[in-house]
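Structure for the following, please:
(2 chains)
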Number of protein chains: 2
Amino acid sequence: MDKVIRIDMSTLTALIEEAPPEMERLGGRGLCSHIVYTEVPPTCHPLGKKNKLIIAPGLLGGTAAPNSGRMSIGAKSPLTQGIKEANVGGVSGHKLARLGVKALVVEGEARAGGPYVVKIDRKGARITSAPELAGLGTYNTVARLRAQHGDGMGILCIGSAGEMRLAAASVACTDPDGRPSRHAARGGLGAVMGAKGLKAIVIDDAGTKLRQPLDKESFGHANREFVKEILERKATKLLMEYGTVGGLAFLSKFGSLPTRNFSTGSFEGDARIGGKGVAETNASRGGSFGHVCMPGCVVRCSNVMHDEQGRFLTAGFEFESCALLGANLGIDDLDAVMKLEKKCDDLGLDTMEIGVALGIAHDAGLLGFGDGAMALELVEEIEKGSVLGRVLGQGAEVTARVFGISRVPVIKGQGIPAHDPRKQPGTGVSYATSPQGADHTGVIIFNAESTGEMIAESRKKQINTSAYDSVGLCQMAEPNPEVMAGLLSSFYGWDWRPDDVICLGRSILQKEVAFNRRAGLGPETDRLPDFMTEEPLSPSEKVFDVTEDVIRQVLEY
Amino acid sequence: MDKVIRIDMSTLTALIEEAPPEMERLGGRGLCSHIVYTEVPPTCHPLGKKNKLIIAPGLLGGTAAPNSGRMSIGAKSPLTQGIKEANVGGVSGHKLARLGVKALVVEGEARAGGPYVVKIDRKGARITSAPELAGLGTYNTVARLRAQHGDGMGILCIGSAGEMRLAAASVACTDPDGRPSRHAARGGLGAVMGAKGLKAIVIDDAGTKLRQPLDKESFGHANREFVKEILERKATKLLMEYGTVGGLAFLSKFGSLPTRNFSTGSFEGDARIGGKGVAETNASRGGSFGHVCMPGCVVRCSNVMHDEQGRFLTAGFEFESCALLGANLGIDDLDAVMKLEKKCDDLGLDTMEIGVALGIAHDAGLLGFGDGAMALELVEEIEKGSVLGRVLGQGAEVTARVFGISRVPVIKGQGIPAHDPRKQPGTGVSYATSPQGADHTGVIIFNAESTGEMIAESRKKQINTSAYDSVGLCQMAEPNPEVMAGLLSSFYGWDWRPDDVICLGRSILQKEVAFNRRAGLGPETDRLPDFMTEEPLSPSEKVFDVTEDVIRQVLEY
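Residues are numbered from 1 along each chain as shown, chains lettered A, B, ... in the order given. Alright, predicted model coming up:
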């Protein structure tokens, strides 16, 4: 894994370089953030020619390590205006790694005659014009590309949202069934891809093999131990049985589930749209749990959901989507929530950002709570490219701005995930300090009692998350520095201890914060919206009360 | 002038306080920025209850000093997210000062039963509900309030744009003819007023007298000298004869007139919409130059414009409006430009921000250059409150964001005024460093040769402007520190030298920059948009090439 492929969309040329030495021990998020930090001017316009879209498998991508196929996509974000890494499953992380591609760097700006498709295979990279794909949803895009290139490809693509350069646009990635159900969703990376005139990337790893470790025996041993550890966990069993959506009812009972535009923390319809409802629906319609979102996964938390006629409706129906498109809009009709989620997947939209934006649409008088049909109509406005659709598709902050609304659940311009920080203050500390804007991955904290604990725990979790996002491991596998040090050392022959993994995570965060500061996101942006410190969250009646001075201690990595 | 009136819109109560000692030597912009800096949390939402709207006459408001009736309105800006002072003529600065009101501070947030009207007179302040004014344009609002309260009132009001909380919303102020033709236009202060549920402020100074100086003789002498100096200037004669619009053709020939969305610096229709066209139109229709926008003005640069039928069309038709609604949209039909300007005045909109936003609307495919009828239709969308109208009414940056456009002529979120910085780099240095966002008042620099000169000149001009904006003097009178020191010392009995005036100006800028930094507007925002450093401006083919490091030297006040 030693190649960097640079695609210049201004000139439609591909350049294959040998990865320079400083990239050797970087992958995934670490490599994306390194390249953005090094090569992208922090004050550039995210949709301009100076921004770069980076796609990088993790350090253990393409290997036999369990849950190691996660892939990172990075750029300067049109949503947060800061650095962004969105982490995604699917088949492409492994495929890129097996092709020896450490990173794909998409540069320049859209040229006439597009949109374009890039094909990556053992022979290199080719860019072709594909005007016939313009405006297509992700499902149709993938269907056309599979018909043309065969079923074995990994495909990354954008829907019409990305083509419209909407800041809630995702990059869709195909799962093992060839469906674009996995999304590098947050931060508008689909809009960056759209601004470059790139509709899809087709990855063909035919003729490649599993990447081989330097120390086969140690690596095999480390893998087996890690698999055992994962499978022994109670959480793994629950994830396999109910998926991530299984936690929804628990969080509702706990009182931290964003409900009706973050106005309460419990949703009376939690059973219908949560794990119970999803399980009953699957039992009666033939949908199923226990799917993998990427090869080599032993957690198997993905699902396939069927409609009332027992036909495929959507895959990868996750907790955050269900909470923000369901409870946060007061919708307890599971079918309505699933249809919203599927429509977002097809348009290439971040379900979370859209859920928060639709909450704002309620306050703007556009949507009644519980009205799934109207919510779907609003998402269809995005599909139509109407002005209202474009506003919603730019996310919660722009929606609030356009409608003159001052109660806005965003941090650094990004919609707050489905853990209300008033009842989960430790999570709030993570939201406020993550260089990614309000971010849900790997930084959720339930059980910290004191602010000191919250600070320590948030810092530790953010460091660990940055590390495993760079190794390519999934958060559901709960990899710790010991596990990562063991796997990396045996695979690469490095002499890494847990502290080296921590150093890696820390150095990534430092670069990300530094980029943000230069991009104009100062310490003043490391905070929650005012209303969360003033408006008590029922039923606990808690407000978020960790002060900004305390919060910022997290950043002392 | 020793009272501060605090209006709490949450409780509908007015409190009259004695101004504290630290406000004694502050007025206008200095006082607005002091109160915002001291009392408004920098990270608060501009449309939330923690923001405050400050209205303050200058230190020489209500006196016999020439051109001393300018008034400042300040708040945290919903457009720039930083501190904002918008300076305006009209009759109310003098009236408030004669009533002894140093500042009016509007606090809290909109309450049901509104919008409300505040009446200020010798007896104090009264708040009344006025639902019948909801949604009215500024002309009708003023007509109703004059019918109710009499013709002698000073009136400040918002149109529907402010009620809709649009970030291009202005506060309209009546001129000596009782028309709402003068606007505290920039930065969305009308939206802040709207968010507080305040439709209008009626100021009745019946029973008050001209404020008397401590040293009558010296003050009289200083006044006479200042008047003589103003009247002897060639610029004054030109302003009296042609108004501010008289400079348009010159700037077009010079090559710095924003034309067709800042794509060139010269407009072939400059004669039609510039001083020549306006003068010919007035000669044939009975419109006129030489009006005052406030009592006591000796420059008389305002105008009254008639339509084709010889009826009143608009007043205060200024260069910046004409350039940005005319040349910047490729419109050479003076009537079309005047109608656009009048519509903005009536809706309570910043003509400059709307001109820049409509330039973006061209790039979004909504408007052909030169199409005055379509431009008016788009402004009417704002009147209708359609989603498109709301987007445009939020200003150029939001319009660009919604339509995915990366070439955006704004600085700190505010549309760039009608002096293209590529051909006027000194002006560009001012735009970049003004705490107000791209700002045109008192900081235009034509003749600096070296960057060193630009830095020194911009710093000097910004300091001087901050000072005269605090004294209440108009930029067209070109007051310098000597003049201000003489007037203030003789009026108040202070022993001020020119250096004291410079210190005043400097301290205001320091507070404004400090507020911005805490609000999250770091040094990274002190810059021009990328395209101005890359895209040459015809016919001079210049790009803006003063580096950011150099620019920031201005801030070493």
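
Using the record's assignment, carve chain A into domains.
Annotated domains of chain A cover A:3-203, A:425-555 [automatic domain parsing].

got JSON lines for those domains, with distance to chain B and mean neighbour count too?
Bear in mind the C-beta positions are built from the backbone N, C-alpha and C, glycine included. As requested, those are arranged in JSON lines below (distance: least, Cβ to the nearest Cβ, whole Å; neighbours: other Cβ atoms under 10 Å in any protein chain shown):
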{"stretch": "domain A:3-203", "distance to chain B": "3", "mean neighbour count": "24"}
{"stretch": "domain A:425-555", "distance to chain B": "4", "mean neighbour count": "21"}
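
As TSV, the ones you listed with mean pLDDT would be great.
Conversion of these to TSV gives the following (pLDDT from 0 to 100):
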stretch	mean pLDDT
domain A:3-203	98
domain A:425-555	97
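
closest to B:Phe403 out of the ones you listed?
Closest approach to B:Phe403 among the domains of chain A is made by domain A:3-203 (8.1 Å; Cβ to Cβ).

Mind telling me what element the spatially most distant residue from the centre of chain A is part of?
What lies farthest from the middle of chain A is A:Glu217; by Cα atoms, centre = their mean that is 33.6 Å. Using DSSP states H and E, A:Glu217 maps to helix A:216-232.

how close does A:Gly58 sit to A:Gly246?
As defined by Cβ to Cβ, to the nearest Å, A:Gly58 lies at a distance of 26 Å from A:Gly246.

And for A:Pro529?
Counting by Cβ to Cβ, the separation of A:Pro529 from A:Gly246 is 29 Å.

Surely A:Ala279 and A:Phe289 touch.
Yes - the criterion here is Cβ atoms under 8 Å, and A:Ala279 meets it with A:Phe289 at 7.5 Å.

Can you tell me the closest non-neighbouring residue to A:Gly330?
Counting by Cβ to Cβ, 6 or more residues apart in numbering or on different chains, the nearest residue to A:Gly330 once its immediate chain neighbours are dropped is A:Phe369, at 3.1 Å.

nope, A:Val550 is what I was after
Nearest residue to A:Val550 in three dimensions, chain neighbours excluded: A:Thr451, at 5.2 Å (Cβ to Cβ, 6+ apart).

show me the contacts for that neighbour.
Taking Cβ atoms under 8 Å, 6 or more residues apart in numbering or on different chains as the criterion, A:Thr451 is in contact with A:425, A:429, A:546, A:550.

Correct me if wrong: the last one contacts A:Ala456.
No - counting by Cβ under 8 Å, no contact exists between A:Val550 and A:Ala456, whose distance comes to 11.8 Å.

returning to what we had before: overlap of the contact sets of A:Ala279 and A:Phe289?
Counting by Cβ under 8 Å, 6+ apart, the residues touching both A:Ala279 and A:Phe289 are A:241-242.

Compare the two and say which one has the larger neighbour count.
Neighbour comparison, A:Ala279 and A:Phe289: the larger count goes to A:Phe289, with 21 against 18 (by other Cβ atoms under 10 Å in any protein chain shown).

Helix, strand, or coil at A:Ala540?
Not quite, residue A:540 is Ser, not Ala. Assigned state for A:Ser540: coil (three-state reduction, DSSP: H, G, I helix; E, B strand; the rest coil).
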